[in-house]
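S.K.: All I have is the shape, not the residue letters:
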């Protein structure tokens, strides 16, 4: 059976799936609700399978719909790459790079990297989002992201992984805290104390909750803040203890009454990787960002 796909239908499907709402998906696609609904019904008739489950709460993808949206995202991203490459030759206007990263990379490494990159590429915009490591790989695999920085070293079809940096998580307490006399502790032994954590939007928040759950324990966040500096200042004010990247802890321990304690847990030391889906198919400006990241990682390795 010959299949012909409309790009408007693809974008509509992606928008409806993202919003889990036909109404909001139609708005994002600049279509009326009746027009959007008719397009989806015609697409389902053409394919011979339902793409959405419909209920009073909205819409969710069927397995067929998930497959369609996954491929639609890849096709739309490839078209965006095509436009970017052609514009680069035609007028110097390049495009946009989507980067997904875990908490440490997002807060500790990307600001300096992007400052350098954007200064050299004034016509490129970067969309930077924070995600858990496995979701970073998933985003690269389904075409939602062009480049990922993750603590995961495998997974995803046609995903290439390049070594980047080391991410070490440490416990930070006030110098007068009961745990401050220890050089190292098990995460399990810290869970009887109140924690200062990052907000629920942070990938490290979910990571620590899962680590506690794996131990059959509950992690109590007394206060949630937006960044590592705020967390360290709260810890210095005796609000609680916290787990942060060692690079951040070293930066704030100079001026605050803090103690850095190593975590014995294997997950505390993680190797970060850059991941891309088929590097050779990335537009030139995205390849240049990958190269800059690789160069940045090599600096850490040369200092070891």
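M.R.: Great, that's in hand. As the structure is a prediction and not an experimental result, all values here were calculated from the model.

S.K.: what is residue 55 paired to in the beta sheet?
M.R.: Taking DSSP bridges as the rule, residue 55 bridges to residue 58.

S.K.: I'd like the distance between it and residue 231.
M.R.: 40 Å (Cβ to Cβ, to the nearest Å). The way it works is simple: take the backbone N, C-alpha and C, and place the C-beta from them, glycine included.

S.K.: the more surrounded of these two?
M.R.: residue 231 (28 against 8; other Cβ atoms under 10 Å).

S.K.: give me the element the more buried one is part of.
M.R.: Using DSSP states H and E, the element containing residue 231 is helix 228-236.

S.K.: Against which helices or strands is that helix packed?
M.R.: With contacts taken as 3 or more Cβ pairs under 8 Å, 6 or more residues apart in numbering; DSSP states H and E, helix 228-236 sits against strand 159-174, strand 195-198, strand 221-225, strand 242-245, helix 246-253, strand 258-263.

S.K.: Would you confirm that residue 128 contacts residue 99?
M.R.: Yes - with contacts counted by Cβ atoms under 8 Å, residue 128 reaches residue 99, the gap being 5.0 Å.

S.K.: Looking at those two now, which is surrounded by more residues?
M.R.: residue 99 (27 against 17).

S.K.: so what's the more buried one bridging to?
M.R.: Beta-bridge partners, per DSSP bridges, of residue 99: residue 128, residue 147.

S.K.: Give me the distance between it and residue 191.
M.R.: From residue 99 to residue 191 the distance is 33 Å (Cβ to Cβ).

S.K.: Redo the helices and strands packed on helix 228-236 as CSV? Include mean pLDDT and mean neighbour count.
M.R.: Below are those laid out as CSV (pLDDT from 0 to 100; neighbours: other Cβ atoms under 10 Å):
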stretch, mean pLDDT, mean neighbour count
strand 159-174, 92, 20
strand 195-198, 94, 24
strand 221-225, 94, 17
strand 242-245, 94, 26
helix 246-253, 92, 18
strand 258-263, 97, 19
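
S.K.: so can I have TSV of the ones you listed showing distance to residue 66?
M.R.: Formatted as TSV, the helices and strands packed on helix 228-236 follow (distance: least, Cβ to Cβ, whole Å):
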stretch	distance to residue 66
strand 159-174	19
strand 195-198	30
strand 221-225	32
strand 242-245	34
helix 246-253	37
strand 258-263	37
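
S.K.: re the thing from before, now do the buried residues in the helix holding residue 231.
M.R.: Neighbour-count burial for helix 228-236, counted by 16 or more other Cβ atoms under 10 Å, picks out 228, 231-236.
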